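*Asks:* Any chance you can model this:
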Amino acid sequence: MQIHLSPRHMTLTAAIHSYVCEKVMHLEEMAPTLIAAHIVILHDETKKKRYVVKVHLALPGPDIHAEDAEDDLYAAIDLTINKLTQQLRKNKTKRSESKKHKLRLAKEAMKRGLKE
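*Replies:* Next up, the predicted model:
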């Protein structure tokens, strides 16, 4: 998986880089089909919530996006990753329910075919 970090109006330290990579690698454990992650970290002194973290995950099918703003950079990263975790779980549940539904329909069609 490719991880692309884009800091805006701030310097990217090794600690921030390793923290973000660690969190994104945890997402890859949840979704092994993850292709790439693009993370944008914005620092804005003019607003109340100074740090904005935007994440775009490339997956087969529709991509997943999340964004959060906080005073603390690490809190913003954590909240954004939590949003992505929820979206990945929802996506996984939706896929598994769809497979179960298709399998159930196929079994019913087989039973109808045998009865006729």
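*Asks:* Who is residue 42 paired with across the strands?
*Replies:* residue 8, residue 52 (DSSP bridges).
*Asks:* Against residue 29, how distant is it?
*Replies:* Here the criterion is C-beta to C-beta, to the nearest Å. By it, residue 42 lies 27 Å from residue 29. For glycine as for every other residue, the C-beta is placed from the backbone atoms N, C-alpha and C.
*Asks:* The two: which has the busier surroundings?
*Replies:* The residue with more neighbours, out of residue 42 and residue 29, is residue 42; 18 against 8, by other C-beta atoms under 10 Å.
*Asks:* so where does the residue positioned nearest the centre of the chain fall, helix or strand?
*Replies:* Central residue of the chain (C-alpha atoms, centre = their mean): residue 84, 3.6 Å from the mean position. In this assignment (DSSP states H and E), residue 84 forms part of helix 73-115.
*Asks:* Which elements pack onto that helix?
*Replies:* Where contact means 3 or more C-beta pairs under 8 Å, 6 or more residues apart in numbering; DSSP states H and E, helix 73-115 is packed against helix 14-30, strand 36-43, strand 51-58, strand 64-70.
*Asks:* quick one: it to helix 14-30, angle?
*Replies:* In terms of direction (axes from the mean of the first three to the mean of the last three C-alpha atoms, to 10 degrees), helix 73-115 departs from helix 14-30 by 10 degrees.
*Asks:* what stretches of the chain score poorly on pLDDT?
*Replies:* 115-116 (pLDDT under 70).
*Asks:* thinking again about what came up before, would you mind saying which of the helices and strands packed on helix 73-115 lies nearest residue 90?
*Replies:* Smallest distance to residue 90 across the helices and strands packed on helix 73-115 (C-beta to C-beta): 9.6 Å, for strand 64-70.
*Asks:* Tell me what angle that closest one forms with helix 73-115.
*Replies:* Put simply, strand 64-70 runs at 150 degrees to helix 73-115, going by the same axes, to 10 degrees.
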